[in-house]
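Sharing a sequence plus its predicted fold:
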Amino acid sequence: MIFITQKIDDVAAGDWPGIETEAAKYHRAKIEVTSYSEAAEWSEQQRKWWKGILLPALKKDTGDTIDYWETLLKLTVLPDDFTPITTIINGREYVHVPSVNELSMTKMNLLIERSVAKCHDWGLMWVTLPDKELRKKVK
């Protein structure tokens, strides 16, 4: 269980009864407090859907590579977040786009939503947003 707290007037505020209730479920429990930023969070489900469902399905449907689709969608739907980077190694230029791992959860949601919409624009109507009900059926 994850609990989010914040400091208000220099005092930690949070769901202390909820934390205590969760900890009481175990003979011994470990509670770890770390700095938290919503902007830095990127959920595992988002990553799994993007890398493990959407991109392979696009490859299977069209025959284009996963790298092709990932780069196309990044540059098409969030170009400001995926400005190509040029790196020179041994005198040769290599161009790549940043990783999705650099996105916040909010930006990842935008990437997912806009990618689905763009796929629909391209006639790929079978592409749908992640659905936890479908995830339950697959397990």
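Nice, thanks for sending it over.

Grab the nearest non-local neighbour of the spatially most central residue of the chain.
By Cα atoms, centre = their mean, the mean C-alpha position of the chain lies nearest to Q46, the distance being 3.9 Å. Nearest residue to Q46, sequence neighbours excluded (Cβ to Cβ, 6 or more residues apart in numbering): M108, at 4.7 Å. The C-beta positions use only the backbone N, C-alpha and C, and glycine is treated the same way.

How far away from the center of its chain is the helix or strand harbouring that neighbour?
Here M108 sits within helix 105-121, counting by DSSP states H and E. Relative to the centre of its chain, helix 105-121 is centred 11 Å away, using Cα atoms, centre = their mean, to the nearest Å.

Remind me what that helix packs against, helices and strands.
helix 44-47, helix 66-77 (3 or more Cβ pairs under 8 Å, 6 or more residues apart in numbering; DSSP states H and E).

What average pLDDT does the shortest one get?
Okay, so that is helix 44-47. Averaging pLDDT along helix 44-47 gives 79.

before we move on, the earlier item: can I get the helices and strands packed on helix 105-121 in JSON lines with distance to T128?
Compiled in JSON lines, the helices and strands packed on helix 105-121 are given as follows (distance: least, Cβ to Cβ, whole Å):
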{"stretch": "helix 44-47", "distance to T128": "15"}
{"stretch": "helix 66-77", "distance to T128": "15"}
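
highest average neighbour count across these?
Most buried of these, by mean neighbour count (mean count of other Cβ atoms under 10 Å): helix 66-77, with a mean of 17.

now that one: how far from the chain's centre is it?
The chain centroid and the centroid of helix 66-77 are separated by 15 Å, computed with Cα atoms, centre = their mean.

What lies in contact with the helix or strand that comes right after that helix?
Per DSSP H and E, the first helix or strand lying C-terminal to helix 66-77 is strand 85-89. Residues outside strand 85-89 that contact it (Cβ atoms under 8 Å, 6 or more residues apart in numbering): E93, Y94, V95, H96, V97, P98.

Sweet, I'm off.
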